[in-house]
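Visitor: show me the folded form of this:
(3 chains)
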Amino acid sequence: MKHLLSIDDLSRDDVELVLDRAASFSEVANREIKKVPALRGRTVLTLFYEASTRTRSSFELAAKRLSADIVSFSAGGSSVEKGESLKDTVLTLAAHSPDAIVVRAPWAGTPQLVSQWTDAAIINAGDGKREHPTQALLDLFTMRQQLGADLEGRSVWIIGDVAHSRVARSLIRILVLTGVHVTVCGPPTLIPPDIGALGCDVTYDISGMSDADVVYTLRLQHERMTAAGLLPSLGEYAARYQVNAPRLSPNQVVMHPGPVNRGVEMSGEVVDSPQAVITMQVKAGVVVRMAVLYELLAGSRSDAAAKERALA
Amino acid sequence: MKHLLSIDDLSRDDVELVLDRAASFSEVANREIKKVPALRGRTVLTLFYEASTRTRSSFELAAKRLSADIVSFSAGGSSVEKGESLKDTVLTLAAHSPDAIVVRAPWAGTPQLVSQWTDAAIINAGDGKREHPTQALLDLFTMRQQLGADLEGRSVWIIGDVAHSRVARSLIRILVLTGVHVTVCGPPTLIPPDIGALGCDVTYDISGMSDADVVYTLRLQHERMTAAGLLPSLGEYAARYQVNAPRLSPNQVVMHPGPVNRGVEMSGEVVDSPQAVITMQVKAGVVVRMAVLYELLAGSRSDAAAKERALA
Amino acid sequence: MKHLLSIDDLSRDDVELVLDRAASFSEVANREIKKVPALRGRTVLTLFYEASTRTRSSFELAAKRLSADIVSFSAGGSSVEKGESLKDTVLTLAAHSPDAIVVRAPWAGTPQLVSQWTDAAIINAGDGKREHPTQALLDLFTMRQQLGADLEGRSVWIIGDVAHSRVARSLIRILVLTGVHVTVCGPPTLIPPDIGALGCDVTYDISGMSDADVVYTLRLQHERMTAAGLLPSLGEYAARYQVNAPRLSPNQVVMHPGPVNRGVEMSGEVVDSPQAVITMQVKAGVVVRMAVLYELLAGSRSDAAAKERALA
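Guide: Residues are numbered from 1 along each chain as shown, chains lettered A, B, ... in the order given. Down below sits the predicted model:
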């Protein structure tokens, strides 16, 4: 692994490697001293063109727990506001010799572009509606914690606004890669017609959800949806697609990438129930991001690249 | 001590413990290398729903001087803007396994709420008009530096806008707890009718101020006051309540939580005089916050909680 | 060196000292572990009254690579917004006992003022249209990398909006100090009438540029210029003053302080050509700022001040 741009770049072995490493970092996270010197003296830059405290701080904590230095670039207050092109911004960042750059941008494909202009390892922290691979890795990590390491043949339902969700696109990919059966469900206006090409089933009817091992609910950006005429009303959406107690059976694992609209895509009762493992997903986020940083900057698969750079 | 939510939670012994510890950290602050490894590998999160560079950076410096890692969450750019509930935000933060969370919010009682949703030690860095306990501790520390460790029977006057001041409420509590005689003074519109219940005297006449050992002036948020009809005019306020040279006697210690409106609640001449110890208060802020973090995360009183967590 | 306020404060020996130190830090920057413990336990504060990610983060990286702690104060969200005077802000910062304060402000002379109110070493990171000395040092460092250590008698052309450029003012000073021949060139409306007093030639005609060893292009803040009637049109400006391939000869070194307006003061083709060393300037920024911090806080010239403080 040189970069983490898309789940499509990962083999099943890559996924195992990262999740195994994350499991070993989980033990560190339970210690009184949660820090290891693995990346001491390495520099991680974050380049975020979209506001995000959750994802940014998860990466920040991950880097700090590996003893790396982290410096943040955000669009606000930077040259980006002065109209600098993405390329010039990246060349500037690259001149600081970072070991990794974590990129989030509203434009699909940004991390790929960035990777062409620097030797740093690039990590996609969300690009447009395209991908959010570390979220998919942490979701898979959480599912394995709940259901065991072998997910082959398990069933995951992804419910809600698939159309605007990079989380869904990365998650479908990684689940299909690891042999999980995926069904996406939501109103026709929020399901892209071609989503089945990723290897999942599609339905507009939530009644079959009771067969799922995992019910994964997406955030509904309802203000935007209603304004755009994509949703008739929140009440009608909730009536047909809300994940709530009457629709769930007791053994189903309920997940959500956060932040939840309580009472919209999920009832508050379910959010607060032990079935919902939303905070475990957040917890998994730090160790999975530690694992990704470690594999890219110091792991076994990065040796070739490291040697290359050492010789350059 | 498990949390620092309110001065009311502290015994006189707790206060002594924190201030003694702060005194020992004062020596560190005078060294060339101002850092100790006491909290290496521990994580402190800040959750600020109100803008504040002074308090936030004081905590940040305190954490760094103890070698802790610190990660900031601010309302701007975070899920808070996406309408996430306080509870969900805190559950997310808690999932990062922080050792402490420093909370500032415009809503009284927020730190108490937060403490119910996480195992982390919670430090109140200001909640509405209710309390600001680390400010009270640093003010007491500064008074002891000026007047000696035993303040029993000393007199402190708190002058100005008591009604809108969480600083005043915490300060009155800690002074009364340590046997200091407190008088609050200001225009009737800015003195809450029930403030005497905290154990202080109330007066609308500043002439008795000459008896005080310490004159503690509060910030007047004059734009808001004038607009709300609570103040006739700044000129009239200053004429009746400004802390200035003619009203002070030479041995009185003058304090202010900052930032000062020069020429409003205090004359510029007094701000710049040796009687005013405002920058010593700021200096005390770092060592007192080091002491609070240390006592909560590694101190003698935190053993029980630490063992509890270690066994959990 | 106690502070870095203006290039005028530097002797030629001071400049050599900083650039030699920067060269030694360049070797650190090429290592896998880019960090040295030189300033462990020292605190650097940044006080920025103007938005800047590039310069701020360059200082931040420099401080981190020296193992110093760095805490940022920006105007947004701070007491500055509450109308606190510069002096009171600085006295507050000074009370935190920082070893250095990095200051950027829109008012010429701010760093000098700040240096009167604190014992910390002050570094000017840009004050109004007056100076930006670390930029000049990094530019000189880059020129020496390109042309060799001895620049005596070399020719540098500085082209564009000299009137509004603190970069130009510092750069002219340092080049004249080190024996370089400087020509400034641009439209008469953008060249201050008295600039020649700094020891440079002035011309409004770009045709002589072919004699320069280095062509240094300034950023054109064109929106402001056009609105103020200082520029007839961007097209006309580019036609007469753009640094582009037809105007350059192959051996000339092209520099720019960034961010570039591609197609305005410089053609995109030149930005992307090997002649342009813009990213090397950025790279030099980190090591030069490491050198400045090191010389001020731990270097041979700072001994006297250090002893003074140790005895205080």
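Visitor: okay, helices next: where are they in the stretch 151-300 of chain A?
Guide: A:166-177, A:222-227, A:234-241, A:268-271, A:278-297 (DSSP state H, counting those that start in this stretch).
Visitor: can you lay out those as a markdown table showing distance to chain C?
Guide: Every residue, glycine included, has its C-beta placed from N, CA and C. As requested, the helices of the stretch 151-300 of chain A are exported to a markdown table (distance: least, C-beta to the nearest C-beta, whole Å):
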| stretch | distance to chain C |
| --- | --- |
| helix A:166-177 | 25 |
| helix A:222-227 | 26 |
| helix A:234-241 | 34 |
| helix A:268-271 | 31 |
| helix A:278-297 | 10 |
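Visitor: burial of A:A125, as a residue count?
Guide: 27 (other C-beta atoms under 10 Å in any protein chain shown).
Visitor: as a check, name the ranges of all strands in the stretch 101-250 of chain A.
Guide: Applying DSSP state E, counting those that start in this stretch to the stretch 101-250 of chain A gives strands spanning A:121-127, A:155-159, A:181-185, A:201-203, A:214-217.
Visitor: hmm, back to that, so which of the helices of the stretch 151-300 of chain A is nearest chain B?
Guide: Taking C-beta to the nearest C-beta, helix A:278-297 is the member of the helices of the stretch 151-300 of chain A nearest to chain B, at 3.6 Å.
Visitor: of the strands of the stretch 101-250 of chain A, which is nearest B:S170?
Guide: Smallest distance to B:S170 across those (C-beta to C-beta): 40.1 Å, for strand A:121-127.
Visitor: what helices or strands is the closest one leaning on?
Guide: helix A:54-65, strand A:100-105, helix A:110-115, helix A:133-147, helix A:278-297 (3 or more C-beta pairs under 8 Å, 6 or more residues apart in numbering or on different chains; DSSP states H and E).
Visitor: try it again at 10 Å.
Guide: Contacts defined by 3 or more C-beta pairs under 10 Å, 6 or more residues apart in numbering or on different chains; DSSP states H and E place strand A:121-127 against strand A:43-48, helix A:54-65, strand A:100-105, helix A:110-115, helix A:133-147, helix A:166-177, helix A:278-297.
Visitor: where does A:L4 fall, phi/psi-wise?
Guide: phi -130, psi 90 (degrees, to the nearest 10).
Visitor: and the pLDDT for it?
Guide: Looking at A:L4, its pLDDT is 98.
Visitor: distance of the residue nearest to it when sequence neighbours are not counted from B:T217?
Guide: Spatial nearest neighbour of A:L4, excluding adjacent residues (C-beta to C-beta, 6 or more residues apart in numbering or on different chains): A:I123 at 4.8 Å. A:I123 sits 51 Å away from B:T217, going by C-beta to C-beta, to the nearest Å.
Visitor: for A:D213, same thing?
Guide: For A:D213, the distance to B:T217 - C-beta to C-beta - is 64 Å.
Visitor: before we move on, back to that, so how many other residues sit close to the residue nearest to A:L4?
Guide: 25.
Visitor: what sits opposite it in the beta ladder?
Guide: With DSSP bridges as the criterion, A:I123 is bridged to A:L4, A:V102.
Visitor: gap between it and chain B?
Guide: Using C-beta to the nearest C-beta, to the nearest Å, we find A:I123 at a distance of 18 Å from chain B.
Visitor: contacting residues for that residue?
Guide: A:3-5, A:44, A:46, A:59, A:100-104, A:111, A:114-115, A:133-134, A:289, A:292-293, A:296 (C-beta atoms under 10 Å, 6 or more residues apart in numbering or on different chains).
Visitor: switch the cut-off to 7 Å
Guide: By C-beta atoms under 7 Å, 6 or more residues apart in numbering or on different chains, A:I123 lies in contact with A:4, A:100, A:102, A:134, A:292.
Visitor: looking at these, which is nearest C:L190?
Guide: Using C-beta to C-beta, A:V102 comes nearest to C:L190 of the contacts of A:I123, at 39.5 Å.
Visitor: list the contacts for the closest one?
Guide: Listed by C-beta under 7 Å, 6+ apart, the contact set of A:V102 reads A:44, A:46, A:59, A:123, A:125.
Visitor: which of these sit farthest apart?
Guide: Taking C-beta to C-beta, no two of the contacts of A:V102 sit farther apart than A:V44 and A:A125, at 11.4 Å.
Visitor: that's all I had, so thanks and see you.
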